[in-house]
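>>> Got a sequence here, can you build the structure:
(chains A, B and C)
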Amino acid sequence: MRRRLMAIIRKEFIHIFRDWRTLLIIILMPILMIVLYGYAITLDMRNIVFGVIDDARTPDSRALVDAFAENGFFRTLPRDVRRNEMESLFMRRDVHMVLVIPEDFSADLTQNRSAVVQLIIDASDSNVGTFVGNYAEQVLGIYNQRMNHAVPALFEIAPRIFYNPDMNSTNFFVPGLVALILMLISALLTSIAITREKETGTMEQILVSPVHAREIVLGKVLPYVLLGLVNAALILLSAWILFDVPVRGSLALLGLLSLVYVFVALSFGLMISTVARTQLIAMFGTLMATILPTIMLSGFIFPIASMPELLRWIANVLPATYFLIIIRAIMLKGVGSAELWPQALILSGIGTLLLTAATRRFRMRLE
Amino acid sequence: MKPLVSVEHFSKSYGEIRAVRDLSFSVRRGELFGLIGPDGAGKTTTMRTLVTLLRPDEGTVTVDGMDVRKQLKAIRAITGYMPQRFSLYPDLSVEQNLRFFAELFSVPRNELTDRMQRLYRFSRLEEFSTRLAGRLSGGMKQKLALSCTLIHDPVLLVLDEPTTGVDPVSRSEFWEILRELREQGVTIVVSTPYMDEAMKCDRIVIMHSGVALAHGTPGELINSMRLPMYALDERDLVMNFSRIEAASGVRSVQSFGDSLHITTDEDIDEDRLSAALEQTLDRPVRLRRIAPSLEDVFIALIEQGTEHAE
Amino acid sequence: MQNDFAHEVANQRQTDPDLAVSARELTKRFGRFTAVDGISFDVRRGEIFGFLGANGAGKTTAIRMFCGLLPPTAGEAQVAGYDVRTQPRMIKQTIGYMSQKFSLYEDLTVAQNIEFYGGIYGLTRPQIEHKTGLLLDELNLRDRRDTLTQSLPLGWKQRLALSVSLLHDPSIIFLDEPTGGVDPISRRNFWRIIYEIADSGKTVFVTTHYMDEAEYCGRLSIMYQGRIIEIGTPGGLKEKYGLDTMQDIFVHLVGGDTRKEAKQ
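Coordinates of the predicted model:
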């Protein structure tokens, strides 16, 4: 048992290191992915262009416009907007919002009547619309306080935001990306490991030796565990360097649980590999089976609690679901093993199950 | 002594396709045994069944008394198998390939160097031991593949078309090696579509479309063909096929380079044939009696087989 | 000076309608490796010419040059009177090519394969339809018109592949190990067709590893390490070397030393 297993592992390492181009891709691709996705996927908005119809033309109204422009969220369209061109501005997506300040704006302010301004917001993307609205309200609040500092507030809400005080969505997404990329890369690695040998005919040659299915399967997984772990480390490192995502909890615990997760992903790839006949099928199968569910159903973007029941069921068997809980908890909340052992246990269970299934499915004959 | 390989009434189908039908033969210890036939004859199916990669649908197949259905591991341990396609790792070196298969078969470590030396001696691959297998020439690849199947000293060697696509020189070298192995007592089952290679086997079974047409030694099979054959050495007559075929007493005509080979009915002698041909072609012809080749036997057998089938 | 001479020879050759293939000092180098090393020979129209050699002897490279797929490093070659260096498109229009792998689309039907190849050789639709009908009759495949090519027996596939490579009525046909794996009856039938093709004035240029097949050729050459080391008729060569079979001659000439082969 030991000798044959070691022989397969050694051979697998020779394959890995002989083909240094592929090795380079395996190592660089995750980093590239995290850079691309990390910058592309964000719910924070900046530089929202807005137009102004200022009928008041007073220092007060100009102060209001400046209040919008002074934080990074909004940028003023550098010219006045006429009423009749508003629609075409929205249609050409030149502006996301138009601020209309009525003629008697300053008069109302000085006479302590409530001054009314109008915000017209493009809500064709409802998410964007809501964000723009929320930001605008904050700006107006600040402006109000500034103008009416004489009037003491009756009460003040002072929210404290936990774990992600900047409400920075990067901190939310990057751990998810780590989960996605690790799953994808690891599963791809093993999914072609066995199909390649089927295609080149070497599997036929190995099969006629007294080798056991479990030796082949284990011999294929173990070398890639190491590669997967290197990947995990590189991804976490780039997340930390590029996006300043903190790791509040124990790095060792994160490493250990990443190892478990990588093992699950590798076993999954191997499982596909025993079913698929060609490398191409194996790769497409892996892409389909990892990317979509991990993005849509694991809680990466959409909260699982708000999914329909059927999808919640699927979410409950996805390894990424559990790893997401783990990685977000460790990185953002600094949670330790005392709280995370159920997820760790479930992940190990899924991994063992997949590996057993792969061994069982592995055919010792050609039929 | 009991035969090493025994195949009795073996049949195997893939869905609708009946790859092998009711095949029976046995291979004695120390024999160089050939499965002869074109693509689709059922050679690969038979060989894969011998090495336990396929399960027989019907019939019994045993190797050294062990059933291929049940004693998978035990048969695999004493058998060396070389698939039709080159199936070593192209990105491993010659030596790494050899060592890998030695480990898979648990070759004792203290014997390994000795065995590798022996294999290097016949394959002359030692000076290329660090070359990647994918960079070897066709003939050397075949020899490396053979070496890998020999690393665990198998009792039975099963080789599926080992010389297909290999040049004539490497082919004759390869057969030289097979003969040496047989001298050393290894039992060899080899398949080939080529009749000149069939001639080098001790005994053969001729297969076509999943059915055994005949077995015996090549000599026996050639002698079993009673139909006389003649050669007509005139290139300009080559195009007169159909007219020659129509001449009385002629069974079949084959072109063969510069000459035509004519098979006649049993009761036709040379004089009668040349008379018939001269009449048909309206010119004198020079005939030469020749011995049939194994290929002629094969063709005759296939034609008989189809007659039976009809 | 020598160049001028070569040009003269070339021009002369273009006017000689009897030569199908003509090579003069044809050479191809890849970096420092010389795959084809100054080969010179002629093949006349209507000949069945066998092009033999060990693996890696340079046969494939030479054939690629004749088919206009690879420009030569040095030397000259004309195929059907066209220069391989300057007129590769004319050559492709004039030659047929069939390889071991048959280049048929297994997942297309018989008729679709014929249609496709007719199309890429620029046959018009009526021409294709006419040819398809002719071919199906000739091959006795009328009932199989809409059968997927993959379900044809190997011998039939081979004949279909040959017919397809003859669709555009080429004057020279290159056959690259055409008979691998087919049964002897199909093989002999195939050769009978090849004789018919040659008899109709087309030139047949065949490579093979199988020496019994070499016996079928009218004339043949043996290549070794990029050079042509022998050329002649099977009968002539047997006489010259006092050997009985082409196999013996080949082994005698190329020798049994793999070391040489491997070191190149």
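>>> for residue 223, what are its contacts?
This is for chain A. A:Ile9, A:Glu12, A:Phe13, A:Ile16 (Cβ atoms under 8 Å, 6 or more residues apart in numbering or on different chains). From N, CA and C alone the C-beta is placed, and that goes for glycine too.
>>> Correction: the question concerned chain C.
Neighbours of C:Met223 in contact, by Cβ under 8 Å, 6+ apart: C:Ile39, C:Phe51, C:Leu52, C:Gly53, C:Ala54, C:Ala57, C:Gly58, C:Lys59, C:Ala62, C:Ile229.
>>> Run through the bridge partners of it.
Beta-bridge pairing for C:Met223 (DSSP bridges): C:Gly53, C:Ile228.
>>> Pull out the buried members of the contacts of A:Pro223.
Buried members of the contacts of A:Pro223, scored by 16 or more other Cβ atoms under 10 Å in any protein chain shown, are A:Ile9, A:Glu12, A:Ile16.
>>> Where does the prediction get shaky in the chain?
Going with chain A. A:1, A:41-45, A:148-168 (pLDDT under 70).
>>> other chain: chain C
Ranges of chain C meeting pLDDT under 70: C:1-15, C:100-102, C:256-264.
>>> In it, which residue is most central in space?
C:Phe174 (2.2 Å; Cα atoms, centre = their mean).
>>> Distance of that one relative to B:Asp267?
Distance of C:Phe174 to B:Asp267, computed by Cβ to Cβ, to the nearest Å: 45 Å.
>>> Also C:Ala161?
41 Å.
>>> What is the neighbour count of the residue of the stretch 151-300 of chain B found nearest chain C?
Per Cβ to the nearest Cβ, B:Asp167 is where the stretch 151-300 of chain B lies closest to chain C, at 3.9 Å. B:Asp167: 23 surrounding residues under other Cβ atoms under 10 Å in any protein chain shown.
>>> Hmm, B:Gly138 and it touching each other?
Yes. Between B:Asp167 and B:Gly138 there is a contact under Cβ atoms under 8 Å: 6.7 Å.
>>> so what sits against both of the two?
C:Asn55.
>>> Which strand or helix spans the residue in the stretch 1-150 of chain B positioned nearest to chain A?
Distances between the stretch 1-150 of chain B and chain A by Cβ to the nearest Cβ are smallest at B:Glu103, namely 3.3 Å. B:Glu103 belongs to helix B:94-104 when assigned by DSSP states H and E.
>>> near chain C at all, the next helix or strand after that helix?
Using DSSP H and E, the helix or strand that follows helix B:94-104 towards the C-terminus is helix B:109-123. No. Helix B:109-123 stays clear of chain C (Cβ under 8 Å from any Cβ of the partner chain), getting no nearer than 9.0 Å.
>>> how many neighbours does the closest residue to the residue of the stretch 151-300 of chain B closest to chain C other than its chain neighbours have?
Computed as Cβ to Cβ, 6 or more residues apart in numbering or on different chains, the closest residue to B:Asp167 that is not its neighbour in sequence is C:Ala54, at 3.9 Å. Neighbour count for C:Ala54, taken as other Cβ under 10 Å: 27.
>>> what number of residues lie near B:Gln254?
Around B:Gln254 there are 21 residues (other Cβ under 10 Å).
>>> Revised request: answer the last question for A:Ser106.
18.
>>> now for the one helix or strand it maps to, which elements pack on it?
When elements are assigned from DSSP H and E, A:Ser106 belongs to helix A:105-110. With contacts defined as 3 or more Cβ pairs under 8 Å, 6 or more residues apart in numbering or on different chains; DSSP states H and E, helix A:105-110 has these neighbours: helix A:59-70.
>>> quick one: contacts for A:Ile31?
A:Leu234, A:Ile235, A:Ser238.
>>> ok, of the residues you listed, which one's closest to A:Leu180?
For the contacts of A:Ile31, the residue nearest A:Leu180 by Cβ to Cβ is A:Ile235; the value is 10.0 Å.
>>> quick one: that closest one from chain B, how far?
27 Å (Cβ to the nearest Cβ, to the nearest Å).
>>> For the residue of the stretch 201-350 of chain A found nearest chain B, which non-adjacent residue is spatially closest?
Proximity of the stretch 201-350 of chain A to chain B (Cβ to the nearest Cβ) peaks at A:Gly201, 3.7 Å away. Spatial nearest neighbour of A:Gly201, chain neighbours left out: B:Ser87 (3.7 Å); criterion: Cβ to Cβ, 6+ apart.
>>> Next, count neighbours for that neighbour.
19.
>>> That one in helix, strand or coil?
coil (DSSP: H, G, I helix; E, B strand; the rest coil).
>>> which phi and psi does it have?
phi -130, psi 50 (degrees, to the nearest 10).
>>> gap between it and A:Ile121?
66 Å.
>>> Next: B:Met199.
Applying Cβ to Cβ to B:Met199 and A:Ile121 gives a distance of 91 Å.
>>> ok, these two, which is more surrounded?
More crowded of B:Met199 and A:Ile121, by other Cβ under 10 Å: A:Ile121, with 20 against 17.
>>> isn't that one right next to A:Met97, touching?
Yes. In this structure A:Ile121 lies within contact range of A:Met97 using Cβ under 8 Å: 4.9 Å.
>>> Touching both of these two, which residues are there?
A:Val132, A:Ala136.
>>> Quick check: next helix or strand after the helix or strand containing A:Arg79?
Secondary structure from DSSP H and E places A:Arg79 in strand A:74-80. Sequence-wise, the next helix or strand downstream of strand A:74-80 (DSSP H and E) is helix A:86-91.
>>> on that earlier part again, what's across from the residue nearest to the centre of chain C in the sheet?
With DSSP bridges as the rule, C:Phe174 is bridged to C:Tyr97, C:Phe205.
>>> Would you mind measuring from it to A:Ile216?
According to Cβ to Cβ, C:Phe174 stands 44 Å off from A:Ile216.
>>> Same question for B:Arg289.
60 Å.
>>> more neighbours, these two?
A:Ile216 (25 against 11).
>>> how far is the helix or strand hosting that one from where the chain is centred?
Using DSSP H and E, A:Ile216 falls within helix A:213-243. Using Cα atoms, centre = their mean, to the nearest Å, the mean C-alpha position of helix A:213-243 is found 19 Å from that of the whole chain.
>>> before we move on, the earlier item: report the contact partners of the residue of the stretch 1-150 of chain B closest to chain A.
Going by Cβ under 8 Å, 6+ apart, the list of residues near B:Glu103 reads A:Arg3, A:Arg4, A:Met6, A:Ala7.
>>> just these now: which is nearest chain C?
A:Ala7 (27.3 Å).
>>> ok, and the closest non-adjacent residue to the closest one?
Closest to A:Ala7 by Cβ to Cβ, 6+ apart is B:Glu103, at 3.3 Å.
>>> out of the contacts of C:Met223, who has the most neighbours?
So for the contacts of C:Met223 (other Cβ under 10 Å), the most neighbours sit at C:Leu52, 29 neighbours.
>>> list the contacts for that residue?
C:Lys59, C:Thr207, C:Thr208, C:Met211, C:Ala214, C:Leu220, C:Ser221, C:Ile222, C:Met223, C:Phe250.
>>> if you skip the residues just before and after it, what's nearest to the residue in chain B positioned nearest to chain C?
Closest residue of chain B to chain C, Cβ to the nearest Cβ: B:Pro38 (3.4 Å). Spatial nearest neighbour of B:Pro38, chain neighbours left out: C:Asp183 (3.4 Å); criterion: Cβ to Cβ, 6+ apart.
>>> surely the one you found meets B:Leu213?
No. C:Asp183 is beyond contact range of B:Leu213, at 11.1 Å (criterion: Cβ under 8 Å).
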